[in-house]
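> I need the structure of the sequence given here:
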Amino acid sequence: MKKTILASLFLCYYSYNLFGQQSGIFGSVKDALNMEALPDVEVVIEGAPLTTKTNALGEFGFTEALPLGQQILKVSKLGYITKRYPIIVEQNSPVNIQDIFMEVDPSFNSELFTIVLSDDELNDDTSSADNISGLLRASQDVFQRTAAFEFGSSFFKIRGLDAKHGDVLINGVKMNGMHNGRPQWSNWGGINDVLRNQEFNYGLSASNYSFGNVLGVTNTSTQASMYRQGGRITYSASNRTYSNRLLASYASGMSAKGWAYAVALGRRWGNEGYQDATIYDANSFFLSVEKQLTTRHSLNFTGFYTPNKRGKSSPNTQEVFDLKDIKYNEYWGYQEGEKRNSRIKYVAEPIVMLSHYWAMSSKTKLQTNLSYKFGKLTNSRLDYPGGANPSPSYYQKLPSYFLADTNGPDYGNAYLAEQEFIADGQIDWNRIYDANITNTEAGLEAAYVLYDDRTDDQQFTANTIYSSQIEDNILLQGALNYTHLTSHNYGQLSDLLGGIYYLNVDAFDGWQYNMLNPDEQVGNGGKIKYNYKLYANNLSAFAQIQLKQKVIDYFLSIHASITNYQREGLFMHEAFQNNSLGKSNQVEFSGLGAKGGFTYKWSAKHIIELHAGWLASAPELQNTFSNPRENNAIVNNISEEKITALDVSYIFRSTIVNSKLTAFYINKKDANDIGFYYADGLTSAGVAFNETSAFVQEILQAVNTLHYGLEFGVEAQVTTAIKLKAAGSVGQYIYNNNPNLYLTSSSFITENGAINFGDSQLKNYRLANGPQQALSLGFEYRDPDYWWFGATVNYFNDVYVDVSPLTRTSNFYLDDDGLPFNDYDETVATQLLKQERFNDYYTVNLVGGKSWKLKQYYLGIFLSVNNLLNAEYKTGGFEQGRNANYEELKTDFENPKRVFGPKYWYGRGTTYFANVNVRF
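Numbering: from 1, shown residues only. Here you go, the predicted model:
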């Protein structure tokens with residue numbers, strides 16, 4: 001209390017000092033413990049529509065027409081105790097308030113901001129698991145925080161969009177991958193303590209570093225001098241993805257000789273997470289060193305390396321889940337008493353950066369960055385060129401297969417299959433080794449092998465970011481970026497599993513994978529199946545102007561880019577001898593974008609925001625080449641993806657209530673999407689040997705989707721200790737046209753290895769992107785003795801299965817002769833093609849902790865429990881492509897149990913995370 005009174009008197013004293021004749025409020029904010037400048041602090045004059053944030057040096061200023069007399073200045077930042085100070089504003093008397101000190105909030109539940117965004121919830125292996133929570137963790141907005149930390153475990157997607165629609169930057173360098181547009185979160189996993197200096201701009205709002213995308217921009221600064229001096233040691237235990245986590249970090253602050261550094265070391269490990277056999281093994285290393293060259297120039301080196309390995313879990317049919325449980329994972333089996341997972345993802349991609357900071361003047365700054373990423377990403381899997389499918393849940397091993405016997409249900413074998421699956425139901429590693437040993441003794445190739453789908457990337461980025469406060473209320477910004485990617489992709493034999501060699505020939509079609517070395521016998525470490533390089537170049541620029549006035553703030557931003565891609569085949573595939581080896585044609589795309597917006601400060605309590613934008617951007621590299629593993633073919637008629645977006649928000653702020661309501665509209669056009677799967681029920685005459693099955697690449701062209709809805713967030717500080725909060729989203733995300741679909745395959749006998757099936761009737765089907773409606777209600781209690789507790793109840797609905805586009809083409813109703821099936825019934829077909837909607841569900845989450853200040857140390861404990869009531873719910877799923885025509889799908893529905901029903905992902909049951917940390 002004494003400190004607050006003294007600080008108030010200090011501020012009042014300085015508010016009377018005169019510094020020239022220009023009116024205004026100017027000041028700076030620092031950490032009370034280490035005296036370091038605090039960036040991104042929100043500064044508000046209460047009762048007036050005036051808000052700003054501190055810059056990287058902790059400075060802020062109000063130059064608009066100011067209300068005279070006694071005012072309240074409020075400063076707030078996530079993780080710090082909010083302060084309110086009285087000041088006096090007089091005519092023509094600027095107020096200069098230097099060194100406002102903010103204290104760390106000992107009860108701040110910072111661990112909630114690191115653990116909820118667990119690695120598998122942020123992974124990019126499947127669309128159901130693609131999650132944008134990581135974009136939102138720097139936000140103080142009620143809805144955005146709720147979306148990240150309450151909705152994230154249900155794979156809720158903001159506005160129905162993937163993570164590729166939000167830019168993630170580190171030191172102004174874009175981290176989104178050129179392969180799929182998404183951030184590779186695991187490249188900086190486990191170093192959370194040194195990634196807290198974040199600035200987030202949501203949606204189409206203005207960013208200081210980048211034009212951005214329709215979900216906004218998150219920039220993390222690792223400039224060593226910007227870290228709060230001190231250290232932190234953390235230990236965590238959990239049953240979500242890993243069992244243990246240990247992390248230590250320390251920042252030196254700027255020395256008298258102009259040096260500063262920050263370092264972090266971490267480890268996360270566990271034999272399995274919530275799902276069976278999902279091993280986790282990750283290490284993390286981080287270093288940032290800065291040298292202050294002069295008062296205007298500094299140089300900063302940043303390097304981080306976070307190698308991580310984790311076992312994947314499988315999607316399963318409902319039949320499999322019913323026989324086992326939601327933890328079941330088909331990818332593993334026992335080997336010598338240990339669980340061995342056949343699907344391991346390993347990421348080891350170090351990133352190094354060199355940043356130059358130049359304060360050209362007190363109002364103009366230039367930051368230049370060089371970045372280099374290299375390393376490998378592997379995904380392992382079993383191949384069985386000479387053996388039976390080793391999957392324990394392969395359809396011929398399940399009861400439904402025997403119940404669907406064409407001669408009538410075979411109940412005896414169905415019962416035996418059921419009991420065997422219940423008793424075991426895992427990969428039989430011993431049988432695999434026995435089969436290979438038998439082949440070895442006969443001098444034959446391996447029947448089973450383990451191999452990696454491997455990607456070795458080398459990516460170089462150079463950019464420069466300019467910012468100039470050309471007038472007190474006018475900010476001019478711009479950036480120029482160049483990125484080059486060389487990506488080497490190949491199959492690599494990792495384990496012969498007791499065999500002597502792998503024969504590099506397609507066991508399904510008999511094609512040679514590489515005609516340059518036919519019938520090659522490959523050993524461990526050799527390249528198999530495919531071998532090619534991808535090259536990508538991107539040059540982009542953006543410019544932006546921001547203007548601030550008393551009643552209205554507005555901005556305008558423009559963007560332009562040129563992107564080109566090329567493939568180089570290193571194998572000559574036998575099925576595509578004229579189009580697989582060597583370099584493809586180069587394909588080039590032009591990107592353009594413009595966005596703008598305004599904030600109308602109607603009064604101190606009522607604010608209106610509006611943003612609008614139009615963007616055209618290159619398709620992702622993975623959606624440009626139709627079948628890159630086998631040939632150089634480029635997707636037919638490919639073009640840039642276009643997005644038109646609009647959002648309008650109403651904000652209400654008072655001393656008790658903080659709320660925001662937003663309406664949004666996003667229209668995406670001309671997107672491309674490529675999928676890989678085994679298709680059955682093909683009725684085209686273009687399949688080799690008049691077969692109806694093939695491993696295919698499915699290309700959807702010119703896909704249009706529509707996203708619109710409402711978001712809201714409200715919190716009320718009903719007492720000094722109790723806060724009530726609510727947030728929600730009600731949206732509708734649908735296909736907005738009938739895109740063209742064609743398949744490519746080495747099994748097709750057409751001239752270009754492709755079959756066009758015309759339009760896929762997808763219009764008005766729902767997008768399978770998690771819950772389209774979500775609601776959260778909760779409260780927080782913070783005791784003056786620094787213990788706290790919170791609870792939320794979350795409701796989700798409108799979750800849909802991902803429909804099969806092929807099943808909605810002419811392939812579904814046309815027979816081999818090109819005429820509809822004789823028994824085709826439109827009413828039955830409508831029922832067969834009806835999109836599955838999952839059940840609504842609720843989750844209850846609890847969180848709490850306690851903090852102590854022991855001299856110069858802070859000790860904190862934290863516990864969170866998610867899904868307290870152990871609700872079972874589906875987070876996503878997809879229709880299989882095994883019944884692609886009317887007759888086969890109808891027969892499958894008529895079976896006692898569906899043989900090829902959709903495959904699903906389930907959310908976790910009850911999970912916990914416990915943490916203890918010491919800060920100094």
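> quick one: buried residues of stretch 817-832?
Phe821, Tyr824, Ala829, Leu832 (16 or more other C-beta atoms under 10 Å). All C-beta spots, glycine's among them, are computed from the backbone N, C-alpha and C.
> Format the residues you listed as CSV; extra columns: pLDDT.
CSV is the format used below for the buried residues of stretch 817-832 (pLDDT from 0 to 100):
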residue, pLDDT
Phe821, 92
Tyr824, 94
Ala829, 96
Leu832, 96
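> Filter those residues down to the ones in helices?
Ala829, Leu832 (DSSP state H).
> Same list (the buried residues of stretch 817-832) but as CSV, adding distance to Thr406.
CSV is the format used below for those (distance: C-beta to C-beta, whole Å):
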residue, distance to Thr406
Phe821, 18
Tyr824, 21
Ala829, 22
Leu832, 20
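> between the buried residues of stretch 817-832, which is nearest Gly728?
Taking C-beta to C-beta as the measure, Gly728 lies nearest Leu832 of the buried residues of stretch 817-832, at 34.0 Å.
> CA atoms only for the helix or strand where Ser649 lies - export them in PDB, please.
Here Ser649, judged by DSSP states H and E, is contained in strand 641-653. Presented in PDB, the C-alpha positions along strand 641-653 are these (Å, rounded to 0.1, in the frame of the first residue of the first chain):
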ATOM      1  CA  GLU A 641      -6.000 -18.700 -53.900                       C
ATOM      2  CA  LYS A 642      -8.200 -15.700 -53.300                       C
ATOM      3  CA  ILE A 643      -9.700 -14.600 -50.100                       C
ATOM      4  CA  THR A 644     -12.200 -11.800 -49.400                       C
ATOM      5  CA  ALA A 645     -12.700 -11.100 -45.700                       C
ATOM      6  CA  LEU A 646     -14.600  -8.600 -43.500                       C
ATOM      7  CA  ASP A 647     -15.100  -8.300 -39.800                       C
ATOM      8  CA  VAL A 648     -16.800  -5.700 -37.600                       C
ATOM      9  CA  SER A 649     -16.600  -5.600 -33.800                       C
ATOM     10  CA  TYR A 650     -18.400  -3.800 -30.900                       C
ATOM     11  CA  ILE A 651     -16.300  -3.300 -27.800                       C
ATOM     12  CA  PHE A 652     -17.700  -2.300 -24.400                       C
ATOM     13  CA  ARG A 653     -15.300  -1.400 -21.600                       C
END
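> Now the element after it, going C-ward?
Next helix or strand after strand 641-653 toward the C-terminus (DSSP H and E): strand 657-680.
> So in that sheet, which strands flank that following strand, and in what orientation?
Strand pairing for strand 657-680, determined by DSSP bridges: strand 641-653 (antiparallel), strand 693-717 (antiparallel).
> hey, C-alpha coordinates of stretch 829-845 in PDB?
The C-alpha coordinates for stretch 829-845 follow below in PDB (Å, rounded to 0.1, in the frame of the first residue of the first chain):
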ATOM      1  CA  ALA A 829     -28.400 -42.300 -52.500                       C
ATOM      2  CA  THR A 830     -29.300 -39.200 -50.600                       C
ATOM      3  CA  GLN A 831     -29.300 -41.100 -47.300                       C
ATOM      4  CA  LEU A 832     -26.000 -42.800 -48.200                       C
ATOM      5  CA  LEU A 833     -24.400 -39.500 -48.900                       C
ATOM      6  CA  LYS A 834     -25.800 -37.600 -45.900                       C
ATOM      7  CA  GLN A 835     -22.900 -36.100 -43.800                       C
ATOM      8  CA  GLU A 836     -22.500 -37.500 -40.400                       C
ATOM      9  CA  ARG A 837     -22.900 -35.000 -37.500                       C
ATOM     10  CA  PHE A 838     -21.300 -36.000 -34.200                       C
ATOM     11  CA  ASN A 839     -23.000 -35.700 -30.900                       C
ATOM     12  CA  ASP A 840     -22.800 -32.500 -28.900                       C
ATOM     13  CA  TYR A 841     -20.600 -32.700 -25.800                       C
ATOM     14  CA  TYR A 842     -19.500 -30.800 -22.600                       C
ATOM     15  CA  THR A 843     -16.200 -30.600 -20.900                       C
ATOM     16  CA  VAL A 844     -15.300 -29.300 -17.400                       C
ATOM     17  CA  ASN A 845     -11.800 -27.900 -16.700                       C
END
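> buried sites along it?
Residues Ala829, Leu832, Leu833, Glu836, Phe838, Tyr841, Thr843, Val844, Asn845 are the ones in stretch 829-845 that count as buried (16+ other C-beta under 10 Å).
> same check, this time on stretch 768-781
Going by neighbour count (16+ other C-beta under 10 Å), the buried part of stretch 768-781 is 768-780.
> Let me know the average pLDDT across it.
The average pLDDT within stretch 768-781 is 96.
> Same check on stretch 197-206?
For stretch 197-206, the mean pLDDT works out to 91.
> what comes into contact with it?
Contact partners of stretch 197-206, identified using C-beta atoms under 8 Å, 6 or more residues apart in numbering, comprise 39-40, 135-139, 141, 144, 207-209, 212, 214-223, 226-227, 544, 546, 555, 557, 595, 597, 609, 611-613, 645, 647, 664.
> can I have that stretch written out in CSV, keeping just the CAs?
Extracted as CSV, the C-alpha positions of stretch 197-206 are listed here (Å, rounded to 0.1, in the frame of the first residue of the first chain):
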residue,chain,number,x,y,z
ASN,A,197,8.0,-11.6,-25.6
GLN,A,198,5.1,-11.8,-28.1
GLU,A,199,3.0,-9.4,-30.0
PHE,A,200,-0.2,-10.6,-31.5
ASN,A,201,-2.5,-8.9,-34.0
TYR,A,202,-5.7,-10.7,-34.6
GLY,A,203,-7.5,-11.1,-37.9
LEU,A,204,-7.0,-8.3,-40.4
SER,A,205,-5.7,-5.8,-37.9
ALA,A,206,-2.5,-4.0,-38.6
